[in-house]
Each structure stands twice: as C-alpha cells, then as structure tokens.
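**Q** give the three-dimensional model of this entry:
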Amino acid sequence: MNIKQYLDSTYLKTAEQAGLSEKDNTKVVEGFIQEAIEEGFKLIMIRPDKVLLAHQMITKAKSDVLVGTVIDFPDGTSEFDVKIQEAQSAINNGVDELDYVINYRAFQKGEINLVKNEIIECTKLGLSNKKVVKFIIEVAALTDQQIIQISALIKNTIISNFKENDYQNVFVKSSTGFFKTENGLPNGATVHTIKMMLENSCPLPVKAAGGVRTIEEAIEMIKLGVKRIGTSSAKAISQGEISNDNY
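**A** Coordinates of the predicted model:
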C-alpha cells in the first residue's frame with residue numbers, strides 16, 4: 001500500500017485564521033504545495049484563491065500531484081449561483097477536484113429538493129469538465145440518522161441522474177475541519193461516522209477528512225474502505241509520526 005496516494009495534503013486557513021500577513025500565509029501555502037510535489041502526495045487541497053498558484057507550481061515541476069479546492073467553504077449556505085460561479089472560477093484556474101460544502105443546513109430543515117438540485121448541478125459542472133467532485137456533509141453538525149440520510153440522498157441522486165462509470169468520481173466527504181463542536185467532541189472523521197457513510201453512500205467513494213493523525217489511523221480508515229484522507233499533516237502521517245494538528 002502506497003499511503004501517499006490516499007493523502008490529500010490540506011491547508012485551508014486564511015491569513016486571518018492563521019494570524020499571518022497575506023504574504024506570509026501565501027508562503028505557507030507554497031510550502032504545502034512544494035511538500036506535496038516532493039513527497040508525491042495524491043493531491044494538494046487549498047483555498048480557491050490559491051488554485052492558480054498550485055497549478056503553476058505543479059506544472060513547472062512536471063508533477064502528477066492533483067489540485068483540489070473547497071467550494072462555498074466552510075458553511076455551504078451560499079446561494080446556488082454563487083456556488084457555481086466559485087466552482088467555475090476554480091475550473092478556469094486549473095483545478096482537478098472540487099470539494100463542495102453541501103447545504104446541510106437546508107437538508108436539516110427538510111429542503112430536500114434544494115439539496116438535490118445542488119447535488120445534480122454541482123456534479124454536472126464538475127463531470128462535464130472532467131473534474132472529480134466531492135460533497136462535504138459536515139458529520140459533526142449532524143445526528144447519526146442525518147449522516148445516514150444525507151449520504152443516501154447523495155448516492156441516490158447520483159445513481160438516478162448519472163452513468164455508472166461516473167460514480168467513482170463523486171465522493172461523499174466527512175468534514176470541513178472548521179466546524180466548532182462543544183465539549184471537545186471531534187469535528188472530523190471518526191470510525192463510527194465513516195462506517196455509516198460507507199454503508200449508505202456505496203457505490204460512491206468516501207473521503208475521511210480531519211481526525212486522522214497517525215499512519216495506523218490512516219491504514220484503519222483505508223481498510224474500512226475509504227479512498228482518500230484529508231489531512232494537514234500528510235508528511236508526518238506518511239512517515240509514521242503522530243500529528244498534533246486539529247485537521
């Protein structure tokens with residue numbers, strides 16, 4: 001098993017969130033991109049405004065590392081047109097994978113048709129441009145029943161509207177890593193939540209994002225059936241070290 005081919009090396013902090021100047025935060029992003037190139041990780045996951053930078057660095061290095069970004073991050077509640085425009089801009093800048101935060105708040109309110117339409121149109125845009133699409137469901141904001149239901153909703157919507165050979169390119173993803181939980185509860189992937197996602201989203205692949213901090217935890221997730229792992233500590237995990245990062 002080449003663990004690096006499961007790892008999406010991730011840096012999604014804004015300058016303000018990182019407590020840095022824009023210039024210094026861009027340097028951190030450049031460091032993550034360069035590390036992904038040198039280590040041969042599957043993908044580098046960055047904010048939309050850094051997609052072009054990543055695309056240029058990876059192209060210059062003649063690397064196979066993919067470029068991913070987050071759309072409508074981290075809340076997922078923007079108007080549909082805003083979501084689509086942000087995704088189209090990322091496509092124009094050379095992105096390979098689009099990780100949309102699904103409007104899980106609308107789902108919780110019972111606005112199922114709104115969510116279905118979002119799934120269909122966001123997937124159409126991605127697949128028509130030969131991009132991988134992922135839907136972040138934010139497991140820490142959902143009950144177990146809601147995790148089961150939204151995973152099944154994504155699966156059933158994709159099966160009803162797309163071809164079988166598209167399924168491998170539409171993921172269900174656990175978390176943004178930015179959701180604020182109470183009482184120290186995990187805000188990322190856990191074995192419990194991932195099992196529910198896998199059972200209810202199959203045949204769509206699953207990405208475990210956040211919460212994986214050791215190579216043993218990563219291997220456990222992969223053995224469960226996860227196809228990707230999002231982490232800000234890809235190098236530490238791949239080298240068998242323990243990560244202290246929250247994501």
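
**Q** so, low pLDDT: which residues of this structure?
**A** 183-184, 186, 244, 246-247 (pLDDT under 70).

**Q** closest to the centroid, which residue in it?
**A** Closest residue to the average C-alpha location of the chain: Asp99 at 4.8 Å, with C-alpha atoms, centre = their mean.

**Q** name the strands paired with the host helix or strand of that one and say parallel or antiparallel.
**A** Secondary structure from DSSP states H and E places Asp99 in strand 97-101. Here strand 97-101 has these sheet partners by DSSP bridges: strand 66-71 (parallel), strand 132-136 (parallel).

**Q** okay if I get those as CSV plus mean neighbour count and distance to Gly177?
**A** Just so you know, the C-beta spots here come from the backbone N, C-alpha and C atoms, and that holds for glycine as well. CSV is the format used below for the strands paired with strand 97-101 (neighbours: other C-beta atoms under 10 Å; distance: least, C-beta to C-beta, whole Å):
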stretch, mean neighbour count, distance to Gly177
strand 66-71, 25, 10
strand 132-136, 26, 10
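
**Q** could you dump these to JSON lines with distance to Glu111?
**A** Below are the strands paired with strand 97-101 laid out as JSON lines (distance: least, C-beta to C-beta, whole Å):
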{"stretch": "strand 66-71", "distance to Glu111": "19"}
{"stretch": "strand 132-136", "distance to Glu111": "16"}
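
**Q** ranges for the strands of the protein?
**A** 7-11, 43-46, 66-71, 97-101, 132-136, 170-173, 206-209, 228-231 (DSSP state E).

**Q** would you format those as JSON lines with distance to Phe107 included?
**A** Below are these laid out as JSON lines (distance: least, C-beta to C-beta, whole Å):
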{"stretch": "strand 7-11", "distance to Phe107": "24"}
{"stretch": "strand 43-46", "distance to Phe107": "23"}
{"stretch": "strand 66-71", "distance to Phe107": "17"}
{"stretch": "strand 97-101", "distance to Phe107": "12"}
{"stretch": "strand 132-136", "distance to Phe107": "11"}
{"stretch": "strand 170-173", "distance to Phe107": "13"}
{"stretch": "strand 206-209", "distance to Phe107": "18"}
{"stretch": "strand 228-231", "distance to Phe107": "21"}
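
**Q** and Ser160, which of the ones you listed is closest to it?
**A** Closest approach to Ser160 among the strands of the chain (C-beta to C-beta): strand 170-173, 12.4 Å.

**Q** can I get that closest one in PDB, CA atoms only?
**A** The C-alpha trace of strand 170-173 is given here as PDB (Å, rounded to 0.1, in the frame of the first residue of the first chain):
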ATOM      1  CA  VAL A 170     -18.300  11.600  -7.000                       C
ATOM      2  CA  PHE A 171     -17.200  11.300  -3.400                       C
ATOM      3  CA  VAL A 172     -19.000  11.800  -0.100                       C
ATOM      4  CA  LYS A 173     -16.600  13.600   2.300                       C
END
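
**Q** helices or strands up against it?
**A** If you count contacts as 3 or more C-beta pairs under 8 Å, 6 or more residues apart in numbering; DSSP states H and E, strand 170-173 packs onto strand 132-136, helix 144-161, strand 206-209, strand 228-231.

**Q** roughly how far does Ala208 sit from Ile229?
**A** Using C-beta to C-beta, to the nearest Å, we find Ala208 at a distance of 5 Å from Ile229.

**Q** outside of the strand holding Asp99 itself, list whatever touches it.
**A** Residues outside strand 97-101 that contact it (C-beta atoms under 8 Å, 6 or more residues apart in numbering) are 43, 45, 66-76, 83, 87, 90-91, 118, 122, 125-126, 131-136, 138, 173, 176.

**Q** gap between it and the chain center?
**A** Centroid displacement of strand 97-101 relative to its chain, using C-alpha atoms, centre = their mean, to the nearest Å, is 6 Å.

**Q** many thanks, I have nothing further to ask.
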